[in-house]
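Undergrad: Next input, structure requested:
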Amino acid sequence: MKIGKFFTAYSTEDSCKLYFKQQREAAGTVCGKCGGEAHYWIESLNRWQCKKCRHSATLKCGTVMGNSNLGYRVWLWPLYFMSLTKKGFSALELQRLVGHKRYEPIWGLMQKIRMAMGHRDDKYLLDGYIEMDEGFFEGHRKKREEGLPSKPVKELGRQVKAIVAVSTTPVGAGRYKKGRPVTKPGYLKMSVVQSLSKNDIGYEARAMAGKGATVTTDGKTSYGTLKDICKLHVEIAVEDKTKVSKTFPWVHTAISNAKKKLLGLHHHVKDIYMQNCLNEFCYKFNRRYFGIRLFDRLMVAAISGAWFKACT
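TA: Numbers count the residues shown, from 1 in each chain. As a prediction, this is how the structure comes out:
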């Protein structure tokens with residue numbers, strides 16, 4: 001939806017509330033108590049009531065807005081802004097655009113939307129040919145000194161580890177350009193891990209790649225567990241580190257672009273919120289050709305399930 005049309009249609013609280021209601025009705029409401037799908041709307045109470053068990057639910061219940069006291073306009077506008085550009089917005093900038101008095105509610109709102117993005121991408125597995133490697137992202141932790149309260153310390157270097165996988169397809173003979181990779185990227189997944197052990201890599205690989213996939217990695221022994229998960233595991237040991245980006249072009253491009261995005265938006269990202277930021281990057285990357293339709297898809301993710309559990 002173009003920006004002029006959006007703000008003309010949804011400039012008031014009532015119009016935003018009506019839009020959310022229309023979207024939920026189009027998607028279908030499910031009773032959280034008995035699973036019934038037949039409901040009727042009680043206008044005086046602003047609630048749906050199940051025809052089977054008479055259990056009632058608010059408009060926000062079962063969505064990313066669950067347990068939130070923020071208005072519908074304060075939710076709808078950030079959903080639109082976060083779909084406008086692949087670069088994204090910082091929480092402070094989004095607070096200014098929405099016109100909210102406090103920073104913390106907008107920051108929390110953005111984290112919930114990012115979690116919904118991650119839940120949506122978790123519903124799909126990568127297939128075909130996949131490049132997989134580990135990425136290291138600069139995080140931010142609190143350091144405790146004996147006898148003193150904790151204080152934030154920016155720890156430079158490789159501290160937050162993530163497994164990154166990109167599906168690829170060959171470039172057609174007529175579209176290949178000299179000096180460019182012979183493949184093109186498809187879909188992307190990034191998962192933060194505590195360590196690069198076989199157990200952690202195996203657990204994340206099962207949530208990333210389908211059983212019929214062919215996964216290409218470097219010579220790290222921890223990736224040996226992939227032979228029991230996917231159809232074929234190809235190991236390519238690259239001794240010259242300057243040529244590793246040519247052997248694994250798209251997974252390293254994805255890691256580099258994610259680092260640039262984080263650096264351009266935030267002074268720092270705490271370790272525990274790194275996965276949420278990577279969720280947003282992957283969600284937009286996987287829908288990079290949607291254009292103005294990205295807002296409609298984000299609305300589907302927002303109303304498909306509560307932020308504190310996987311979307312249904």
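Undergrad: Where does the prediction get shaky in the stretch 101-250 of the chain?
TA: 141-158 (pLDDT under 70).
Undergrad: mind checking how far Met117 is from Met190?
TA: Distance of Met117 to Met190, given as C-beta to C-beta, to the nearest Å: 12 Å. To be clear about C-beta, it is placed using only N, CA and C from the backbone, and glycine gets the same treatment.
Undergrad: how many other residues sit next to Met1?
TA: 15 (other C-beta atoms under 10 Å).
Undergrad: That one contacts Leu298, doesn't it?
TA: No - using C-beta atoms under 8 Å, Met1 is not in contact with Leu298, being 11.0 Å away.
Undergrad: quick one on the thing from earlier: what sits in contact with each of Met117 and Met190?
TA: Taking C-beta atoms under 8 Å, 6 or more residues apart in numbering as the contact rule, Met117 and Met190 both touch 279, 282.
Undergrad: Name the residues of the helix of greatest length in the chain that are buried.
TA: Longest helix of the chain, by residue count under DSSP state H: helix 103-121. For helix 103-121, the neighbour count (16 or more other C-beta atoms under 10 Å) marks 105-106, 109-121 as buried.
Undergrad: likewise stretch 196-210?
TA: For stretch 196-210, by 16+ other C-beta under 10 Å, it's 200-206, 208-210.
Undergrad: who's in contact with that stretch?
TA: Contacts of stretch 196-210 (C-beta under 8 Å, 6+ apart): 122, 125-127, 130, 132, 134, 161, 163, 165, 189, 191, 193-194, 215, 220, 222-226, 228-230.
Undergrad: residues contacting the spatially most central residue of the chain?
TA: With distances taken as C-alpha atoms, centre = their mean, Asn279 lies nearest the centre of the chain, 2.3 Å away. With contact taken as C-beta under 8 Å, 6+ apart, Asn279 is in contact with 114-115, 117-118, 121, 190.
Undergrad: What's the end-to-end length of stretch 36-54?
TA: 10 Å (C-alpha to C-alpha, to the nearest Å).
Undergrad: what comes up buried for that stretch?
TA: 36, 39, 48-50.
Undergrad: Please enumerate the strands of the protein.
TA: Taking DSSP state E, the strands of the chain run over residues 39-42, 47-50, 56-58, 129-137, 141-143, 151-153, 160-170, 183-193, 214-217, 232-235.
Undergrad: closest to Gln95 out of those strands?
TA: strand 151-153 (21.0 Å; C-beta to C-beta).
Undergrad: Run a quick neighbour tally on Gln22.
TA: Neighbours around Gln22, by other C-beta under 10 Å: 10.
Undergrad: and it, how far is that from Leu109?
TA: 21 Å.
Undergrad: now do Gln49
TA: From Gln49 to Leu109 the distance is 28 Å (C-beta to C-beta).
Undergrad: One more: Phe308?
TA: Distance from Phe308 to Leu109, by C-beta to C-beta: 14 Å.
Undergrad: how long is stretch 263-274 end to end?
TA: Termini of stretch 263-274 sit 12 Å apart (C-alpha to C-alpha).
Undergrad: related to what we said a few turns ago, quick one: list the elements packing against the longest helix of the chain.
TA: When contacts are defined as 3 or more C-beta pairs under 8 Å, 6 or more residues apart in numbering; DSSP states H and E, helix 103-121 packs onto helix 72-82, helix 91-98, helix 274-286, helix 294-303.
Undergrad: I'd like the average pLDDT over the third one.
TA: This predicted structure assigns helix 274-286 an average pLDDT of 96.
Undergrad: Just the buried residues of it, please?
TA: For helix 274-286, by 16+ other C-beta under 10 Å, it's 274-286.
Undergrad: which two from those end up farthest apart in space?
TA: Longest span within those, C-beta to C-beta: Met274 and Asn286, 18.5 Å.
Undergrad: Could you tell me how far Asn67 is located from Ala306?
TA: 8 Å.
Undergrad: Neighbour count for these two, which is higher?
TA: Shown here are Asn67 and Ala306; by other C-beta under 10 Å, Ala306 has more neighbours (21 against 10).
Undergrad: For the nearest residue in space to the more buried one that is not next to it in sequence, give me its contacts.
TA: Nearest non-adjacent residue to Ala306, counting by C-beta to C-beta, 6 or more residues apart in numbering: Gly66, 4.3 Å away. Gly66 makes contact with 60, 306-308, according to C-beta under 8 Å, 6+ apart.
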